[in-house]
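> show me how the following folds:
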Amino acid sequence: MLSWIRTKPNKRDQTNESKPADPEDNGLDANLDAMLMRISKKLGSSSDLAIRRFKLAKACPVDAAAVYIGTLTDRQAISEIVLPSLMAESGEPPMPSNGSRQGLEHSHNQDASLELIYEQMLKIGEASFISDWPTLVMSVLSGKTVIIFDGYGKAISCCTKGGEKRSVTEPSTQVAIRGPKEGFNEALETNIALIRRRIKNPDLIVEVFKLGKDTQTDIGILHMQGKIDEAIVHEVKKRLLEADIAVVLESGFLEKSLEDQSATIFPTIYNTERPDAVSMYLLSGKVAILVDGTPFALIVPTVFSQFFYTPEDYYDRADIRVFLRALRYISFFVSLLLPSLYIAAITFHQDMIPTTFLIHTAAAREGIPFPAFVEASLMELSFEVLREAGIRMPRALGPAISIVGALVLGQAAVQAGIVSTAMLIVVSITGIASFATPAYNLAIAVRLIRLLFMIMAATLGFYGIVVTLIVMLAHLSSLRSFGVPYLSSFNPFRPNIPKEAHSPDKPSAAKPN
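Residues are numbered from 1 along each chain as shown. Here you go, the predicted model:
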């Protein structure tokens with residue numbers, strides 16, 4: 001049986017053993033006890049911090065310790081794979097690469113000794129060497145198991161990530177009518193795997209790095225090589241790495257750093273929790289950003305029409321797809337303009353209302369103490385409160401509270417003479433139309449800007465609505481998402497002209513004057 005030969009510590013090593021490790025030192029101490037004490041001090045002696053001391057196999061009797069966070073690791077992999085492979089009592093000792101055991105017995109090269117452990121003893125799929133203190137701490141906090149050896153200034157990190165996580169379930173905010181029922185969860189590895197299952201292409205590039213000074217959150221950037229301009233990918237990385245972000249708990253923390261212009265109420269970054277939607281956008285030449293700890297992925301660059309698309313559009317026939325998208329656009333403008341149009345017509349433009357309808361409206365408004373703008377504002381506020389209460393209520397009670405509350409309050413308000421029946425109908429249609437917008441963040445923007453249209457309608461009538469609409473369109477035209485115009489999907493159609501038509505060798509096809 002061969003013995004494990006270690007180099008004798010020199011005076012500097014003996015000095016390091018007798019003194020506590022410097023907190024600012026980024027290197028690893030060769031003394032095992034000093035390293036374990038340093039780790040315990042750094043992690044605050046947490047109750048879920050596990051330190052398992054053991055000796056390597058008899059062929060290599062060296063003191064070692066496995067350090068891991070119990071709540072973040074797969075304990076079965078540690079107890080059945082990592083530790084047994086290092087503590088095996090039987091089997092041949094590790095052989096050096098040249099086949100000479102004397103090379104092991106008389107070697108004073110610590111790197112070669114660790115290479116033997118890494119290559120011939122450790123039976124784990126993913127492992128790497130660690131030689132600095134920050135990497136060791138981050139490996140432990142990331143759910144990996146770190147193996148520390150007595151007398152060596154290096155350690156080995158084993159990928160044993162595990163712990164509790166939510167299973168793959170159906171998306172909750174973007175209901176799948178047709179297509180896959182899978183949705184992202186909070187585990188970055190699972191989300192990447194859901195996309196890999198759909199895009200089995202070597203051109204799919206996945207890059208993972210950490211972001212956030214305090215949280216050190218894993219961020220994944222995915223794109224299809226050859227389908228996207230590399231300048232956009234470079235710009236995404238640049239903005240993320242240059243962002244001074246201390247905390248990243250959700251993908252929303254990154255949106256301000258990725259936006260070209262933050263002074264806008266309209267969303268310029270699309271988010272989704274459906275893997276099939278992300279796969280479609282990747283194949284169409286966009287970049288997906290996944291954040292560990294959230295089921296929502298960010299898609300850049302983004303255009304305005306993207307918020308009206310759903311994955312089901314690609315699963316249906318073209319005629320159905322066109323009809324549904326047209327219906328969503330109509331609902332968007334109804335939810336944006338209907339209350340302001342009613343206010344302007346009742347307040348300034350009664351002559352534009354048909355006489356019969358005007359008589360019925362005037363009769364319904366008889367006895368209403370408030371002008372149309374105040375009436376609409378009260379109803380809009382009540383509707384928003386009911387909608388928010390329905391979201392925050394328990395799932396079993398939320399829909400019932402929203403429906404019953406709307407019916408009871410609406411009927412009571414009409415009978416009390418606070419609002420008219422026509423206004424109640426207008427606000428109800430507006431609220432229903434707002435639910436037809438697939439993107440929640442765009443629907444919120446419409447709910448906010450609708451108040452501005454109502455104010456301008458109550459002040460200037462139809463003229464105020466037109467001016468506000470022009471200003472809004474000008475603002476939308478000025479927006480960019482990674483250099484891509486926000487309204488680029490609405491550009492005038494230009495047919496592809498063959499290159500031969502521009503050839504200087506050929507005569508022009510233009511007619512003479």
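
> skipping its backbone neighbours, what lies nearest His223 in space?
Val287 (4.8 Å; Cβ to Cβ, 6 or more residues apart in numbering). In this view, the C-beta of every residue, glycine as well, is placed from N, C-alpha and C.

> just give me the neighbour total for that neighbour.
As a burial measure, Val287 scores 24 neighbours (other Cβ atoms under 10 Å).

> list the contacts for it?
221-223, 228, 232-233, 236, 299-301 (Cβ atoms under 8 Å, 6 or more residues apart in numbering).

> between those residues, which sits nearest Met352?
Nearest to Met352, judged by Cβ to Cβ, of the contacts of Val287 is Pro301 at 41.8 Å.

> quick one: that closest one from Arg392, how far?
Distance of Pro301 to Arg392, computed by Cβ to Cβ, to the nearest Å: 33 Å.

> when the two are compared, which one has more neighbours?
Taking other Cβ under 10 Å, Pro301 and Arg392 do not tie; Pro301 has more neighbours (26 against 9).

> for the more buried one, give me phi and psi.
Backbone dihedrals for Pro301, given as degrees, to the nearest 10, come out at phi -70, psi 160.

> that one contacts Asp229, doesn't it?
No. Taking contacts as Cβ atoms under 8 Å, Pro301 lies outside contact range of Asp229: 9.6 Å.

> for PyMOL, write a command that selects the buried ones of the contacts of Val287.
Of those, the buried ones go into a single PyMOL selection, burial set by 16 or more other Cβ atoms under 10 Å:
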select buried, resi 221+222+223+228+232+233+236+299+300+301
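
> so for the contacts of Val287, which is the shakiest by pLDDT?
Confidence by pLDDT is poorest for Ile228 among these, given 87.

> residues in contact with it?
Taking Cβ under 8 Å, 6+ apart, one finds 285-287 in contact with Ile228.

> burial of Leu258, as a residue count?
23.

> distance of it from Tyr270?
Distance from Leu258 to Tyr270, counting by Cβ to Cβ: 11 Å.

> now for these two: what residues contact both?
Common neighbours of Leu258 and Tyr270 (Cβ under 8 Å, 6+ apart) are 298, 300.

> averaged pLDDT, the helix or strand containing His360. What do you get?
Assigned by DSSP states H and E, His360 belongs to helix 355-365. Summarised as a single mean, pLDDT over helix 355-365 is 82.

> could you list every helix and strand in contact with it?
helix 421-434 (3 or more Cβ pairs under 8 Å, 6 or more residues apart in numbering; DSSP states H and E).

> what's in contact with the helix it packs on?
Helix 421-434 is contacted by residues 331-332, 334-335, 338-339, 342, 361, 364-365, 372, 375-376, 379-380, 383, 387, 406, 410, 413-414, 443, 446-447, 450 when judged by Cβ under 8 Å, 6+ apart.

> now do stretch 140-148
Contacts for stretch 140-148 (Cβ under 8 Å, 6+ apart): 28, 32, 35-36, 39, 43, 49, 64-69, 72-73, 78, 82, 86, 122, 130, 136, 139, 155-163, 216, 218.

> cool, stretch 323-339 as well?
Under Cβ under 8 Å, 6+ apart, the answer for stretch 323-339 is 308-309, 313, 316, 376, 380, 426-427, 429-431, 433-434, 436-438, 443, 446-447, 449-450, 453-454, 457, 465, 469.

> which among those residues end up buried?
308-309, 313, 376, 380, 426-427, 429-431, 433-434, 436-438, 443, 446-447, 450, 453-454, 457, 465, 469.

> quick one: the strands in the stretch 1-150 of the chain?
49-55, 63-69, 127-130, 145-149 (DSSP state E, counting those that start in this stretch).

> in its sheet, what does the third one sit against?
Same thing as strand 127-130. If you go by DSSP bridges, strand 127-130 pairs up with strand 155-158 (antiparallel).
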